[in-house]
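**Q** Fold the following.
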Amino acid sequence: MDAVDALSEIAFWLERGLAPNFKVQAFRRAASLISDLNPVELADRVHDGRLRAMKGIGGRTAEVISQSLYGLPDYLDNLRRSGADPLATGGRELLAVVRGDLHTHSDWSDGATSIELMVATARMLGREYLTLTDHSPSLTVAHGLTADRLMQQLGVVADINADAASSPDPVRLLSGIEVDILENGELDQDPALLARLDVVVASVHSKLRADSLSMTPRMLAGIRNPHTNVLGHCTGRLVTGSRGTRPPSSFDAERVFAACAENAVAVEINSRPERQDPPDDLMAQALAAGCLFSIDSDAHAPGHLDFLAYGAERAAANGVPAERIVNTWPVEKLLDWSRAAR
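**A** Model (predicted):
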């Protein structure tokens, strides 16, 4: 087995299982270190001990590389077996009709890997399209994209799609952004650039503990912006995970979801285990208001792309019909919707 593929797949399974980041990165770093070695040179280094002497190659990664010369490494085999079952037991019929993902990140902002690796993993998972939604400038802690960097990224997206055109099973990479809804309700990016994107996810990332009198008009302004397609993780809550917990933001849900329905803005069902956003009661309220939905992974690494199973399980449990979930739609129908108000 190709050693780089083996190391990368191990990282995928570890990310999917929420393993500590240092453990995941050990395999990604090893894959990068050997990526330029041809098979003969790699085998020579394994056999004469120089591989183990390379900085960044540990005992486990050396074992995986060595075993890959002769077949499937034991460690990868065990991970495949333990990961054979879906992440969630419910919502399988709904998950089967989800075609794409509208909220993902790369190492252009705070994601762990390249755009290309995210696309390759989406292909492995059978996705038809993947939207790249790195952060906007005000989220400096996440290395948000300035207008210039977003312009550069649009060129990369175009190149990836051009290269994939000859593939027998291509994944369509859609251009996008997770843009901050600023305190004044404006979106944190040049409107002319937002107009060029396929999908705009608008989210609140700051002053999450503001009272409803402040948060509600802020969210309403973001929702009513003609460039907004998806309202991302609407409460901002955290229910578990390494960052601790955070209560949901306060806002007038009736007004917010009415605005989403009126402006054809999808309410995101954020699939990350630590978010599970919106809570069930708000999902039911959005459903009753006539809202569209988008089941998104909010993936920051390839292994997170499989989190869509969690979102599908919650959507099914709350009775959200597939036809109101925009990423069950074919890509051309999706793009007709996302560009309609611009």
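
**Q** hang on, residue 157 is in a helix, isn't it?
**A** Yes: the assignment for residue 157 (DSSP: H, G, I helix; E, B strand; the rest coil) places it in a helix.

**Q** In space, what's closest to it - neighbours in sequence excluded?
**A** residue 175 (4.9 Å; C-beta to C-beta, 6 or more residues apart in numbering). Heads up, the C-betas are built off the backbone N, CA and C, glycines and all.

**Q** Next: residue 222.
**A** Nearest residue to residue 222, sequence neighbours excluded (C-beta to C-beta, 6+ apart): residue 181, at 3.5 Å.

**Q** my read: residue 194 touches residue 177, true?
**A** Yes: between residue 194 and residue 177 there is a contact under C-beta atoms under 8 Å: 7.2 Å.

**Q** Show me what stretch 245-257 is in contact with.
**A** Under the contact criterion C-beta atoms under 8 Å, 6 or more residues apart in numbering, stretch 245-257 has outside partners 204, 208-212, 215-216, 219-220, 223, 231, 234-239, 267, 277, 279, 282, 285-286, 289, 291.

**Q** Show me what counts as buried in that stretch.
**A** Using 16 or more other C-beta atoms under 10 Å as the test for burial, stretch 245-257 gives 248-253, 255-257.

**Q** same check, this time on stretch 175-188
**A** For stretch 175-188, burial by neighbour count (16+ other C-beta under 10 Å) applies to 175-182, 187-188.

**Q** In the residues you listed, find the pair that's most separated.
**A** Greatest spacing in the buried residues of stretch 175-188, by C-beta to C-beta: 175 and 182 (21.5 Å).

**Q** Would you mind listing the buried residues in the helix or strand where residue 148 lies?
**A** Residue 148 belongs to helix 147-164 when assigned by DSSP states H and E. Across helix 147-164, burial judged by 16+ other C-beta under 10 Å covers 150, 153, 156-157, 160-161.

**Q** With stretch 194-205 instead?
**A** For stretch 194-205, by 16+ other C-beta under 10 Å, it's 194, 197-205.

**Q** And for stretch 322-339?
**A** 322, 324-329, 334-335, 337-338.

**Q** how about CSV for the residues you listed, with distance to residue 297, secondary structure and pLDDT added?
**A** Shown next, in CSV, are the buried residues of stretch 322-339 (distance: C-beta to C-beta, whole Å; DSSP: H, G, I helix; E, B strand; the rest coil; pLDDT from 0 to 100):
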residue, distance to residue 297, secondary structure, pLDDT
322, 17, helix, 98
324, 19, helix, 98
325, 14, strand, 98
326, 14, helix, 98
327, 10, helix, 98
328, 15, helix, 98
329, 17, coil, 98
334, 16, helix, 98
335, 20, helix, 98
337, 20, helix, 98
338, 18, helix, 98
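
**Q** Closest one of the residues you listed to residue 22?
**A** Nearest to residue 22 among the buried residues of stretch 322-339, with distances taken as C-beta to C-beta, is residue 327, at 32.3 Å.

**Q** what is the closest residue in space to the closest one that isn't next to it in sequence paired to in the beta sheet?
**A** Using C-beta to C-beta, 6+ apart and skipping the chain neighbours, the partner closest in space to residue 327 is residue 100 (4.9 Å). Beta-bridge pairing of residue 100 under DSSP bridges involves residue 129.
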